[in-house]
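Asks: no sequence for this one, just the structure:
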């Protein structure tokens, strides 16, 4: 599978998505991973700089990690009843270590990619509520 880095981010910094509530998903226990940083099993943290200032990416030495790139953070997440499992992925745009935006990139029920709940790039979220639009989930030809 390869090496990765762990990403810690306060759940309050992630977009508030009604679809997560509708599916019974809770992000409070999720530890995100990424292969978009150094891939050395380090832990990177998103923190507020000069509270309530800008959200920045901190490296394992607690210094601002001044990269300019988009990183994907991801993990699997179970429903509150533990019956179903989903893959969730966010993309975070970082410019010189400062977070510009956080967007939902992918969300689907694991074990069946045909049951996509989100389409890559379907949402562009910057901390706002996005209602579930069931029209994007219709099967082709119906």
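Replies: Cool, got the structure. In this text the structure is predicted, and so the values were computed from the model without any measurement.
Asks: secondary structure element for the residue minimising distance to the centre of the chain?
Replies: Nearest to the geometric centre of the chain sits residue 90, at 2.7 Å (Cα atoms, centre = their mean). Residue 90 belongs to strand 85-95 when assigned by DSSP states H and E.
Asks: by contact count, what packs against that strand?
Replies: Applying 3 or more Cβ pairs under 8 Å, 6 or more residues apart in numbering; DSSP states H and E, we find strand 85-95 packed against strand 69-78, strand 98-109. C-beta coordinates here come from the backbone N, C-alpha and C atoms, glycine included.
Asks: and that strand, which strands flank it?
Replies: strand 69-78 (antiparallel), strand 98-109 (antiparallel) (DSSP bridges).
Asks: buried residues in it?
Replies: 86-92, 94 (16 or more other Cβ atoms under 10 Å).
Asks: quick one: it to chain centroid distance?
Replies: Taking Cα atoms, centre = their mean, to the nearest Å, one finds strand 85-95 lying 3 Å from the centre of the chain it belongs to.
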